[in-house]
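Visitor: Got a sequence here, can you model it:
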Amino acid sequence: MRRQGLLLALITTAGLATACGPGPGAVPCPAIAQATAVSVMIQASYAEQVAGLHLKACQDGTCTEDDVELRPGSSSIDQGCTDGVCSATASPNGSKDGVLMLQALTESPMAVTASGTAPDGTALPVRSVEFRPRGDYPFGEQCGRFITATVILDAEGLRQQD
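Guide: Residues are numbered from 1 along each chain as shown. As a prediction, this is how the structure comes out:
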């Protein structure tokens, strides 16, 4: 009787362990959610001229607008790989980044308008761009499609990130 209990416990444990992970040969997906947002990156050459930023994004008949909190931007610096483990570090690059959260984000056309203030309080030129957010499978098709809407602001204007 004791062996049957042990056998039942082993079978149950083995079944639970395989049920929790990806199947044989399957690639696990990262446990991250997609942000429904428009991201803005202010180029380093223009960042010092921008003290505050207001974004308005319109898509599918719905508009969202708000002041955007600006944070120092950075670039990823590859630090190489050792024993199959790779790493990178963030290095400040003089740019500024911000995010406008949305209720929904699709691949349909979007219009984004940026207005802001300079450090002395004067208004910056209003800049607008129309574009289509991009969909991609950064973690493979088995992990679902991620849609991104990223714009770049500089002295020349506002444009979609390449």
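
Visitor: phi, psi of Glu141?
Guide: Geometry field for Glu141 lists phi and psi as phi -60, psi -30, criterion degrees, to the nearest 10.

Visitor: Report the separation between the spatially most central residue of the chain and Asp67.
Guide: Taking C-alpha atoms, centre = their mean, the centroid of the chain lies closest to Ala35, which sits 6.2 Å from it. Between Ala35 and Asp67 the distance, using C-beta to C-beta, to the nearest Å, works out to 18 Å. Heads up, the C-betas are built off the backbone N, CA and C, glycines and all.

Visitor: Equivalent analysis for Val50, please.
Guide: Here Val50 is placed at a distance of 12 Å from Asp67 (C-beta to C-beta).

Visitor: And Cys143, by the same measure?
Guide: For Cys143, the distance to Asp67 (C-beta to C-beta) stands at 33 Å.

Visitor: Just to check, Ala57 is in contact with Val38?
Guide: Yes: the pair Ala57 / Val38 is scored as a contact, 4.7 Å apart, by C-beta atoms under 8 Å.
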